[in-house]
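J.: Sequence and predicted structure are below.
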Amino acid sequence: MSKSTPPCTYEELERSLPYLVNRLAMLGQATQRRMLQKNNLNLVTLRTMSILQIEDGLTINEISARTFTEQSSISRAVDAMVIQGLVERRVPQHDQRRREVILTDKGRDQLFENWPTMDEYFTTLSEGIAEAERQVCRDVLNRMLANLIELNG
């Protein structure tokens with residue numbers, strides 16, 4: 001195994017895949033936040049509504065895991081979303097210890113109203129990249145995610 005050393009030039013840094021993935025994630029999230037701010041929405045709220053659109057009735061911890069967001073951030077976001085009428089909390093009859101979060105019609109409407117902003121983001125992000133290249137990128141990123149999930153147990 002060869003000894004790994006940190007990049008010595010900006011050119012080497014720009015060729016570093018971990019650096020590029022991190023840079024893309026950070027810049028991408030900042031861009032999404034700015035785009036959503038125009039509609040008085042934030043990324044945590046959008047992610048939460050997106051997950052609940054797919055799988056309603058999740059707990060705060062389940063939402064946190066599916067949105068890759070700290071539990072405390074999700075808890076605060078859900079509190080605000082309840083006040084805004086975007087979600088409701090409920091205790092299911094089958095398990096009185098469980099506290100589920102349910103997407104309301106208002107929340108679903110807001111998700112659908114704001115989704116074109118995410119389409120615009122992806123269109124800009126993937127401009128000039130063929131569908132076949134995007135599929136390869138998805139496959140590679142999914143393999144990387146699987147490797148990290150395995151590493152983290």
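T.: Nice, I can see it.
J.: which stretches of this structure have low pLDDT?
T.: Counting by pLDDT under 70, the chain contains low-confidence ranges at 1-2.
J.: Give me the neighbour count for the closest residue to residue 75 other than its chain neighbours.
T.: In space, and not counting its chain neighbours, residue 75 is closest to residue 60: 5.2 Å by Cβ to Cβ, 6 or more residues apart in numbering. C-beta coordinates here come from the backbone N, C-alpha and C atoms, glycine included. Summarising burial for residue 60: neighbours were counted as other Cβ atoms under 10 Å, giving 19.
J.: does residue 60 really touch residue 71, like I thought?
T.: Yes - applying Cβ atoms under 8 Å, one finds residue 60 in contact with residue 71, separated by 6.1 Å.
J.: what are the ranges of the helices in this protein?
T.: Here the chain has its helices, by DSSP state H, at 10-15, 17-37, 43-54, 60-67, 71-84, 105-125, 131-152.
J.: For these, give me a markdown table that also has distance to residue 94.
T.: Rendered in a markdown table, the data for those read as follows (distance: least, Cβ to Cβ, whole Å):
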| stretch | distance to residue 94 |
| --- | --- |
| helix 10-15 | 53 |
| helix 17-37 | 36 |
| helix 43-54 | 19 |
| helix 60-67 | 16 |
| helix 71-84 | 21 |
| helix 105-125 | 24 |
| helix 131-152 | 29 |
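J.: Tell me which of these is the most buried.
T.: Looking across the helices of the chain with neighbours counted as mean count of other Cβ atoms under 10 Å, the highest average goes to helix 43-54: a mean of 20.
J.: Residue 112 and residue 59, how far apart?
T.: Separation of residue 112 from residue 59 (Cβ to Cβ, to the nearest Å): 24 Å.
J.: Kindly apply the preceding question to residue 20 instead.
T.: With the distance defined as Cβ to Cβ, residue 20 ends up 35 Å from residue 59.
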